[in-house]
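Q: here is a sequence with its predicted model. Questions after.
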Amino acid sequence: MASSPTGDLSRRYSFGNFTLDADRSELLKDGVEIRLRRQSFDVLLYLVERHGRLVTKDALMAAIWGDTIVTDDSLTQCLIDIRKALGDGSRKVIRTVPRRGFTFDCPVEEAGTPHATAGTTSRHAGGARRQRWTTAALPLALVAILAWWASTYYATRLEIPETTSTAVYPASVAVLPFVDVSEQGDQEYFSLGISEGILNRLRRIPDLTVIARTSSFLFKGANPDIATIAATLNVAHVLAGSVNRSGKRIRISARLVDANGRQVWSQTYDSEFQNILVVQNEIVTAVAKALTLTQTAAPLTQAPSFRDVRAYERFLQGRFFYNRREPADLERAERYYREALEIDSGYARAWSGVAAVYFIRIVEEDVALEAGLAAMQEAVEQALLHDPGSAEAHMRAAQLHFLTGDTEATASHRRSAAALDPNDPMVLSAEASDDAFEGRFDEAIEQQRRAVELDPLGITGRNNLAYFLLGGGRFADAQAQFQKVLEINPDASQAVTEIGFILILQRRFEEAFAAIEKWPDGHFRDKGLALVCHSLGRRAEADEAIGRLLSRKGADAALELAEVYAWRGELDEAFRWLTLVLDEIRSDSARFKDRNLAFDIRLSGFLEPLRDDPRWDEVLAATND
């Protein structure tokens, strides 16, 4: 964002009981600062400065991210942060105008006031100055790696579809977040940690399908009945419970209910806090017995993952803030993980937690790259040193090597994670991504379908499945998956865009034109019009849209032009633009972004006319470099 034109004045905006100080980059509520991530602050400032006016999504993203390649999820996460900070759960302050953009619908007063301290500068850099390779939410290969980050949005706004599938495994269970019923109501971090620990142990039981935390924990605070939850998550059983902690004593009540609401098993456990892992394992054993399953993982004999119960408590607090992901929560998460390590320096799960925090901070450009990678590397090395059998530690190692461009090490650690925890949706998505990149779409689709079964409300995994179906030429199936995304999250504008492009690939041109005409101005609309108007014989309109696309810069713009020219049958021009994309891939220092561009080339249906040309083999070879 641009700084104030007068160095001695600060632009301040007041609305309700909030004050937004543009140059100090502060959001205050009744004089108390509310922390926002830098991108979220910039988005809020841009909207406030244009209060009462419609701001298109493309204009907003261009203002905040400039030429940086990001997708809708980046903006979505910023809006979540802002709405939480403003208490705008009903979306009356920042109003979404379907398929058009957003308006800040609150009276705003503007005033220029002197700085309290001279020389203060914004801590939020403008979009054009950020490193070009930011990856807040790239669409294909990277989203499989970033699945845990993307899940935060869906915990804040849940649209429950009628069903997500027709198949239900008899031996299947969803673990709901246990409710904190402690007298002070301050043990939510503990109750959620207990629930996640039980879920992770259940996942080790062969032949048992366990829904991922991403989907099952979406029901925290919601009030649907068990039958609705079971139908939504496609499970035969639901495990629910409560936690009451008083000092060193804990009482955990758990009950297993079938999809018809009938109670299959229940038990209450009274214990000392230090015996918490024993209680968790007893619950897992009881659930397995109730479902007549054999436990080859033997949870009761599993060694504790911590040596000091105080470190475990700090870890649970860190995990709570990492998963909640409200403003400043990453800093809180790291602090608690570090406190756990001060108590027990060999606590591998806390080291994995630190690595997870730095992965997100690097992706969000909240830390200098060199310093972030150094901190993440130390955490990964310590996690693997103290627990080489941890699937999470190997996934964090895979993420680290993915960031540094070491593809062999990434694949090696991912294979280790898959062997240790084959039912982790993130691991499955990563493997499916590799299959799709190599053109093995049947295998990729099969892997990704399994990931979606385990995480049916996880938008990232479902988007991946849709893209893999597109790459395999299964347009109707891909459209169905994007439609399911919209059922879960009606604001997923990326799904709207992809459905429009699929209509073109299906040669349903009139339908596609009617849809694309409603899109807000921007390069997606221009690309759609360039494609569909050509197919409808409206050459002048198609050429006008191409003209607008030609004004854009960067590899993503070049790829869009290559797609348009390929669709028009102008193969030489298409290959010329593809060469520019490949030059960008070869010159860009961010290897994980290179892979994403290569992925887009390999999966694009609009490049199909190029695939019989001998030059296509050269393109594929270049994307493998």
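A: Arrived safely, thanks for sending. The shown structure was predicted, so the numbers you read here are calculated from the model rather than taken from an experiment.
Q: what lies in contact with stretch 46-53?
A: By Cβ atoms under 8 Å, 6 or more residues apart in numbering, the residues outside stretch 46-53 that reach it are 1, 13, 15, 20, 55, 60, 63-64, 94, 102-108. The way it works is simple: take the backbone N, C-alpha and C, and place the C-beta from them, glycine included.
Q: stretch 328-348 too?
A: So stretch 328-348 is contacted by 35, 305-308, 310-312, 314-315, 317-322, 350-351, 353-354, 357, 360-361, 366, 382-387, 390, 393 (Cβ under 8 Å, 6+ apart).
Q: buried ones in that stretch?
A: 329-330, 332-334, 336-337, 339-341, 343-344, 347-348 (16 or more other Cβ atoms under 10 Å).
Q: restricted to helices, list the contacts of stretch 46-53.
A: Of the positions in those, 60, 63-64 sit in helices, assigned by DSSP state H.
Q: dump those to TSV, plus pLDDT.
A: As requested, the ones in helices among the contacts of stretch 46-53 are exported to TSV (pLDDT from 0 to 100):
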residue	pLDDT
60	86
63	83
64	84
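Q: of all the residues you listed, which comes closest to residue 431?
A: Proximity of the ones in helices among the contacts of stretch 46-53 to residue 431 (Cβ to Cβ) peaks at residue 64, which lies at 33.4 Å.
Q: gap between stretch 274-293 and the chain center?
A: Chain-centre distance of stretch 274-293: 31 Å, with Cα atoms, centre = their mean, to the nearest Å.
Q: cool, stretch 248-258 as well?
A: 31 Å.
Q: give me the residues contacting it.
A: By Cβ under 8 Å, 6+ apart, stretch 248-258 touches 173, 178, 194, 198, 226, 230, 236-245, 263-274, 276, 279, 283, 286-287, 290-291.
Q: ok, now stretch 390-404?
A: 145, 348-349, 351-352, 355-356, 359, 362, 373, 376-377, 379-380, 383-384, 387, 407, 409-411, 413-414, 416-417, 420-421, 424, 426-427, 430, 591-592.
Q: among the residues you listed, name the buried ones.
A: Applying 16+ other Cβ under 10 Å to these flags 145, 348-349, 351-352, 355-356, 359, 362, 373, 376-377, 379-380, 383-384, 387, 410-411, 413-414, 416-417, 420-421, 424, 426-427, 430, 591-592 as buried.
Q: can you count the residues close to residue 434?
A: 19 (other Cβ atoms under 10 Å).
Q: that one: helix or strand, and which one exactly?
A: helix 425-437 (DSSP states H and E).
Q: that helix packs against which elements?
A: If contacts are counted by 3 or more Cβ pairs under 8 Å, 6 or more residues apart in numbering; DSSP states H and E, helix 425-437 sits against helix 141-145, helix 147-150, helix 391-404, helix 407-420, helix 441-454, helix 459-471, helix 591-603.
Q: how near is residue 191 to residue 286?
A: 19 Å (Cβ to Cβ, to the nearest Å).
Q: please identify which of those two sits among more neighbours.
A: residue 191 (25 against 16).
Q: that one against residue 179, yeah?
A: Yes - with contact defined as Cβ atoms under 8 Å, residue 191 counts as touching residue 179 (6.4 Å).
Q: joint contacts of the two?
A: 242-243.
Q: got the domain ranges for the chain?
A: 9-130, 161-305, 310-420, 467-624 (automatic domain parsing).
Q: what angle do the helix holding residue 434 and helix 459-471 make?
A: Angle, helix 425-437 to helix 459-471, by axes from the mean of the first three to the mean of the last three Cα atoms, to 10 degrees: 20 degrees.
Q: on that earlier part again, would you point out the most distant pair within the contacts of stretch 46-53?
A: Longest span within the contacts of stretch 46-53, Cβ to Cβ: 64 and 107, 23.8 Å.
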